[in-house]
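Visitor: quick one: sequence plus predicted model below, questions after.
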Amino acid sequence: MPESTGPAILLLHDGELADVLALLSRMDLPPVERRGRPGPADIERPWDLVIATPRRLLELVDRGSAPERCVAVLDKDSKTARAMLQRSGVRHLVRRPVHPQALRLFLLYSLYRGPEKRRDRRVSVGTPVQLRAGGFRRRRALLADLSQTGARLLLDHDVAPGRRARLYLPAPLAPRGLRLRAVVVRACAAEDTRFGRFEVALRFEDASAAQRQALSRAIAVHRAGPAMLERPVEAGRVLVGRDLSPRGMRVDADAGVAPGDRLALALHVRTREQPVVVGAEVAGDGAAGGLILRFVDVSEDAQACLARAGTCLSIAAPDAARGDAGLVVSEILAREQAR
């Protein structure tokens, strides 16, 4: 089997993070899992992301240095543990309970913020396609992601891993249409069922030079961002903010939005099972740095939720000057850019 082209993720724990392991597997981001103390190879290898319990992460740091991107997952909110992690250079903490969707978005944000590091570049698509996996019948599916080596689909019927398949890409995604041989490498229940009850990952096989060129053109068209069709969120649609209040929040200057933009946001807060949906305007630079988002079209229920949400956020970034600053993980549902 060829070497994985995905990001290098290390998961360090003693069994406490089995749910995180399952979440990463559903995201098609399988980590290197270590149970117990990290070994010399774990310390020397450059990781795109390290996720660990405080105990194991501190062991890793004590024997080397804090990875540039690391997340500590705390079962109990201990001030002592948070202080030790902060002094060790750990930048982000996840305090349970945390909603799986909020954690999923934050892990995407942690992995893909900044220059693209994946050798096998994936792009968001959101186009209806057809899949044949066994038998002669083609079935409708939604093409969520596409790369030179594979694809991720959302569909309403289950497909067994290991099954041979044919993926049919229509025009204009491929000018003359494109039929690709593939094998199903993963199939599971979809977290978001709006576009299909099942999520299927394919690995392409025996692609010709002409097919690879057609794939390159399709990928190039979608590199600027996700398709307009509503679809499960990808890293480019994750917005992380601070200083949450019923009136708004602050985001980093490089968050991918600009003054004058109007947004529809789904805010994932600890006090609710479902996200809080609000409108927002990017109002300009904030005195503390970054950009200010001013909330608009906020219902009374959302205002009441936001009023108490700022003190109980699951994800934090320890800051020596500002204490344990809570982070607000949100999804950009729609965006109208400033003219």
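Guide: Arrived safely, thanks for sending.
Visitor: pull out the buried residues from stretch 129-139.
Guide: 129-131, 133 (16 or more other C-beta atoms under 10 Å). For the C-beta atoms, the positions are set from N, CA and C on the backbone; glycine is no exception.
Visitor: for the chain, which strand is longest?
Guide: As assigned by DSSP state E, the longest strand anywhere in the chain is strand 323-336.
Visitor: mean confidence for that one?
Guide: The average pLDDT for strand 323-336 rounds to 82.
Visitor: repeat that for stretch 254-268.
Guide: 89.
Visitor: so that it lines up with my notes, have the first residue be 211 from now on.
Guide: Fine by me, first position is 211 from now on; the one you just mentioned is stretch 464-478.
Visitor: in that stretch, what counts as buried?
Guide: Result for stretch 464-478 [16+ other C-beta under 10 Å]: buried residues 465, 467, 471, 473, 475-478.
Visitor: now stretch 374-393
Guide: Counting neighbours by 16+ other C-beta under 10 Å, stretch 374-393 gives 375, 377, 379, 383-384, 388, 390-393 as buried.
Visitor: quick one: low-confidence ranges for the stretch 211-360 of the chain?
Guide: 211-216, 275, 323-332 (pLDDT under 70).
Visitor: show me the helices in it, by range?
Guide: 228-236, 250-254, 264-272, 289-297, 310-322 (DSSP state H, counting those that start in this stretch).
Visitor: how about these, which one is nearest A218?
Guide: helix 310-322 (10.0 Å; C-beta to C-beta).
Visitor: that closest one packs against which elements?
Guide: The contact analysis (3 or more C-beta pairs under 8 Å, 6 or more residues apart in numbering; DSSP states H and E) places helix 310-322 against helix 228-236, strand 259-262, strand 280-284, strand 302-305, strand 448-455, strand 472-478, strand 525-529, strand 533-546.
Visitor: so which of the ones you listed is the most surrounded?
Guide: Comparing the helices and strands packed on helix 310-322 by mean neighbour count (mean count of other C-beta atoms under 10 Å), strand 259-262 ranks first with a mean of 26.
Visitor: need the contact list for A276.
Guide: Neighbouring residues of A276 by C-beta atoms under 8 Å, 6 or more residues apart in numbering: 298-301.
Visitor: make a markdown table out of the buried residues of stretch 339-349 and add distance to A445.
Guide: Converted to a markdown table, the buried residues of stretch 339-349 look like this (distance: C-beta to C-beta, whole Å):
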| residue | distance to A445 |
| --- | --- |
| V339 | 22 |
| Q340 | 27 |
| L341 | 25 |
| A343 | 28 |
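Visitor: which one of these sits closest to A430?
Guide: V339 (18.0 Å).
Visitor: what pairs with the closest one across the strands?
Guide: A351 (DSSP bridges).
Visitor: any chance of the helices and strands packed on helix 310-322 in a markdown table, plus distance to G246?
Guide: Shown next, in a markdown table, are the helices and strands packed on helix 310-322 (distance: least, C-beta to C-beta, whole Å):
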| stretch | distance to G246 |
| --- | --- |
| helix 228-236 | 15 |
| strand 259-262 | 12 |
| strand 280-284 | 16 |
| strand 302-305 | 21 |
| strand 448-455 | 32 |
| strand 472-478 | 32 |
| strand 525-529 | 26 |
| strand 533-546 | 29 |
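Visitor: wait, which of these is closest to E415?
Guide: Closest of these to E415 is helix 228-236, at 22.0 Å (criterion: C-beta to C-beta).
Visitor: could you list every helix and strand in contact with that closest one?
Guide: strand 219-223, helix 310-322, strand 388-399.
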